[in-house]
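In: Give me the fold of what follows.
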Amino acid sequence: MDKNFINIYNYLINYTRNEQLYRSLNRSDNFSDRLTLFLLHFAFFLKNFKNDKNKEILQKIYDFNFRQLELSIREIGYGDQSINKKMKVYINLFHSMINEIHFWNDLDRAKKIEKLSIFLEDFTEIDKFVDYFEDFKDKLSKKNLNYLLKGVNNI
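Out: Take a look at the predicted model:
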C-alpha cells in the first residue's frame, strides 16, 4: 500500500513544484514556501475525500506524508532535536490550515482571500491563489480516492 501512498505524495509534490505558484513571491522561493504550498494542497486533498468510508485510508496517507516530510527535513541536515521541533510546527500549521479551509465552500471570495493570506503572507496576488485552489478542488472532486491511489498520474 505504501507504493500507492507515494503516488499521492508525489502527486501533491508535483502540484507544489508548479513555477506559476511562485511568481507572486517577491523573492526566491525556499523550502518553507514549498512546504506551505504542499500543506495547502494536502489540506484541500483531505477535505475533499474526508468521509467515514475513507477515514482509515486518509489517516494512513496523513501519516505517510508527514513521515516523508520528516525524511526531507533530515536530508536537509537538521538534527534530531531540530526535526522534532520543526515537525511540531509543521503539524500545527497544517491543522490550522485544515481549520481555516473547513468551510471553504461556504465562504465568499473576500473571506477565501483572507484565509489564504494567513498562510501566504509573503505572496502577492492572493486572489489568483483562490482561483488556483478552486480549480484544484474541482479536479479532485471529479476523481475518487481509489482512482487516485492507483493512477495518480492521470490527473
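
In: where does the chain have low pLDDT?
Out: The chain contains residues with pLDDT under 70 at 1-2, 151-155.

In: make it 90
Out: 1-7, 10-11, 24-32, 71-86, 143-155 (pLDDT under 90).

In: which residues of it fall in helices?
Out: Per DSSP state H, the chain carries helices over the ranges 2-16, 31-49, 55-76, 80-101, 109-119, 126-141, 145-151.

In: Just the buried positions in the last one, please.
Out: Applying a neighbour-count criterion of 16 or more other Cβ atoms under 10 Å, one finds L145, L148, L149 buried in helix 145-151. Yep, even glycine has a C-beta here, placed from its N, CA and C like the rest.

In: who touches it?
Out: Residues from elsewhere that reach helix 145-151, judged by Cβ atoms under 8 Å, 6 or more residues apart in numbering: N4, F5, N7, I8, Y11, F49, N54, I57, L58, N154, I155.

In: Please report the distance of the nearest residue to N48 once chain neighbours are set aside from V89.
Out: Nearest residue to N48, sequence neighbours excluded (Cβ to Cβ, 6 or more residues apart in numbering): L140, at 4.2 Å. To V89, L140 is 26 Å away according to Cβ to Cβ, to the nearest Å.

In: who's more crowded, these two?
Out: Ranked by neighbour count (other Cβ atoms under 10 Å), L140 and V89 place L140 first, with 18 against 10.

In: So Y62 is in contact with A43, correct?
Out: No. Y62 is beyond contact range of A43, at 10.6 Å (criterion: Cβ atoms under 8 Å).
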